[in-house]
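1. Take a look and give me a structure for this.
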Amino acid sequence: MASRKAGTRSKAAAKRQQRGSSNVFSMFEQSQIQEFKEAFSCIDQNRDGIISKSDLKETYGQLGKMNVKDEELEEMLKEGKGPINFTVFLTLFGEKLNGTDPEESILAAFKLFDPNGTGYVNKEEFKQLLLTQADKFSSDEVEQMFALAPIDVAGNIDYKSLCYIITHGDEKED
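-> Residues are numbered from 1 along each chain as shown. A predicted model of the protein is given here:
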C-alpha cells in the first residue's frame, strides 16, 4: 500500500512538472524542437526517456572528456529539479536561451522587498530602486515593465503575478 502511494505521488509530481512547463513548446520553432529532440536522444544513452548521471558521464566520454567529477554531473542534474525528461530538458534550454531566471529565483528576489509576505511591493518604492540601484533601469524600461505589471488601486504590484508574466509571457501578447 505504501509503495502504491509513493508511486502515485511521483506520478502526480511528474504531471505537475509537465503541466507547469508545457508552455515551453511555444517558445521554439518546430525545427528547433526537433534539433533539441535529437540532442536529447544523443545524451539519453540508455534510451529510457530520462537523462541520468550515467547518461551524462557516457556523453562526456564520447566527447573525449573522461575525468568528469560526479559532483559536477549532480549539479547539472539538480538544475532540472527532478527527473530530466524531454520537456524539462527543453525548459532548461528555454530559460538559458531567453535569459530569464527561474520563477523561484525571481520570487525570492521580490520577497526581499516584502518583509511582511503580502505578495505585493509598492510601485513607487520599487520604481526608485529600479532607477537608482545595481543594474539601473531607464525610465522607459520601468514604464514598459509597469505596463505589464498587475498594479492595484493602492499602487502595489502583485509580484507573484508579475513573476508569472516574466517567466511565461503575458496572455495579452498572443
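
2. Contacts only, for the residue most central in space within the chain.
-> The centre of the chain sits closest to Pro102, judged by CA atoms, centre = their mean, with a distance of 3.5 Å. Each residue near Pro102 by CB atoms under 8 Å, 6 or more residues apart in numbering is listed here: 95, 167. All C-beta spots, glycine's among them, are computed from the backbone N, C-alpha and C.

3. And the pLDDT for it?
-> Note for Pro102: predicted pLDDT of 72.

4. how far away is it from Pro150?
-> For Pro102, the distance to Pro150 equals 20 Å [CB to CB, to the nearest Å].

5. ditto for Ser26
-> From Ser26 to Pro150 the distance is 22 Å (CB to CB).

6. Who has more neighbours out of the two?
-> Set Ser26 next to Pro150 and count neighbours by other CB atoms under 10 Å: Pro150 wins out with 14 against 10.

7. my guess is the more buried one contacts Ile166, does it?
-> No - Pro150 lies out of contact with Ile166 (CB atoms under 8 Å); the separation is 11.8 Å.

8. what's the overlap in contacts for the two?
-> The overlap between the contact sets of Pro150 and Ile166 (CB under 8 Å, 6+ apart) is empty.

9. Let me know the secondary structure of Lys65.
-> Assigned by DSSP: H, G, I helix; E, B strand; the rest coil, the conformation of Lys65 is coil.

10. Give me the phi and psi for it.
-> In terms of degrees, to the nearest 10, the main-chain angles of Lys65 are phi -100, psi 100.

11. what does Thr118 give?
-> phi -80, psi -20.

12. Pull the residues that contact stretch 113-128.
-> Stretch 113-128 is contacted from outside by 110-111, 129, 142, 146, 149, 151-152, 155-160, using CB under 8 Å, 6+ apart.

13. What's the end-to-end length of it?
-> For stretch 113-128, the first-to-last residue distance is 12 Å (CA to CA, to the nearest Å).

14. Could you do stretch 55-71 as well?
-> Stretch 55-71 has its terminal residues 15 Å apart, counting by CA to CA.

15. where exactly do the helices run in the protein?
-> Assigned by DSSP state H, the helices in the chain fall at 2-21, 30-43, 53-62, 70-78, 86-98, 103-111, 123-132, 139-148, 159-168.
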